[in-house]
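S.K.: Please work out how this folds:
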Amino acid sequence: QGIVAPVDAELAWPDLCARLDGAGERQPDEVRRYRILLNDEPAGQEVFRFWREGARIRVLVDTSLEADVLIFSADLRHCRDERWQEEAGALELVELESATHSAVPFRPDYEIHIERDRARGDMVYRGASDADSFEERHPANTGATTPWSVRTVGYDRLLDLFAHAAYPIESRLVGRATVDGKETAHYAIGGEWRRHLWYQEGKMIRFCGAEAFGTYVETILEAYADREAGTLGLDRPCAELFE
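M.R.: Here you go, the predicted model:
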């Protein structure tokens, strides 16, 4: 699936999206499609395309959201290019570039670049918007708010891709079970970036987040979007999980 805005969409995609649309030299090795819901109502989609070569993984992501929060439009178009490396049996984020266009009030559109400094071992976090620009360094065990891999719950800190923010996180395992014959785990993250995440053999199958103004965002893998899967609270409304 190409990263192309619907014909009737008013919000333009960032320039990065057009550059990434033809970035793969071959067909992706895997495509994951997720539905996005806002307060349990359909609001958009998120598509991940994966290329694997040895220990390296490239992930291209495009996100399209069209919804209203209170009296405001929350429409959003977002793309990113992620580079990962398998090291000592674990995935490590090496580099990430992202760009966002949104109609969310009071939030500027950021272009974000995250890169591991191999010499110093820390993470360099850069961003620019019409409002400001920044460059920061964060400790080695720092990731980004792109939770498609279970590696996310092992980081000490996550860097925001939609705003200038860094979140110290503490993850806890809520439970494990077998779903569709596969080991599945439910994690909760506390603090400023409150999330519930479900992973099946390391792959995210559902994500619930608590946002401002009593808004709850959900991303769910297409295979689970229309199912009743009570195991591990997979079909519980997001709002209930944060009570």
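
S.K.: Run through the helices of this protein in chain order.
M.R.: Using DSSP state H, the helices of the chain run over 15-21, 238-241.

S.K.: Out of all residues in the protein, which is the farthest from the middle?
M.R.: Seen from the C-alpha centroid of the chain, the residue lying at the greatest distance (Cα atoms, centre = their mean) is residue 119, 27.4 Å away.

S.K.: Would you list the phi and psi of that residue?
M.R.: phi -70, psi -40 (degrees, to the nearest 10).

S.K.: Out of the helices of the chain, the one nearest residue 68 is which?
M.R.: With distances scored as Cβ to Cβ, the stretch of these nearest to residue 68 is helix 238-241 (17.4 Å). Yep, even glycine has a C-beta here, placed from its N, CA and C like the rest.

S.K.: wait, which of the helices of the chain is closest to residue 220?
M.R.: For these, distance to residue 220 was read as Cβ to Cβ. The smallest value, 10.0 Å, belongs to helix 238-241.

S.K.: I would like the residues contacting the closest one, please.
M.R.: By Cβ atoms under 8 Å, 6 or more residues apart in numbering, the list of residues contacting helix 238-241 from outside reads 37, 39-40, 188, 196, 208-210, 216-218, 233.

S.K.: Among those, which one sits closest to residue 99?
M.R.: residue 217 (19.5 Å).

S.K.: coming back round to it: buried ones from the contacts of helix 238-241, can you make that a PyMOL selection?
M.R.: Buried residues among these (16 or more other Cβ atoms under 10 Å), as a PyMOL selection:
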select buried, resi 37+39+188+196+208+209+210+216+217+218+233
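
S.K.: Looking at the contacts of helix 238-241, which is nearest residue 102?
M.R.: residue 217 (13.3 Å).

S.K.: excluding its backbone neighbours, what's nearest the closest one?
M.R.: Among residues not flanking residue 217 along the chain, residue 209 sits closest, at 4.8 Å (Cβ to Cβ, 6 or more residues apart in numbering).

S.K.: show me the contacts for the residue nearest to the spatial centre of the chain.
M.R.: When Cα atoms, centre = their mean is applied to the chain, the residue found nearest the centroid is residue 146 (3.2 Å). Contact analysis of residue 146 by Cβ under 8 Å, 6+ apart lists 59, 61, 80, 82, 96, 152, 161.

S.K.: at 7 Å what do you get?
M.R.: By Cβ atoms under 7 Å, 6 or more residues apart in numbering, the residues touching residue 146 are 80, 82, 161.

S.K.: Give me the contacts around stretch 160-180.
M.R.: 80, 98, 100, 107, 110, 112, 127, 134, 138, 144-146, 153, 155-159, 183-193, 200, 229, 231-232.

S.K.: Is it possible to mark the buried ones in the residues you listed?
M.R.: Among the contacts of stretch 160-180, those scoring as buried are 80, 98, 100, 110, 112, 127, 138, 144-146, 153, 155, 157-159, 184-189, 193, 200, 229, 232 (criterion: 16+ other Cβ under 10 Å).
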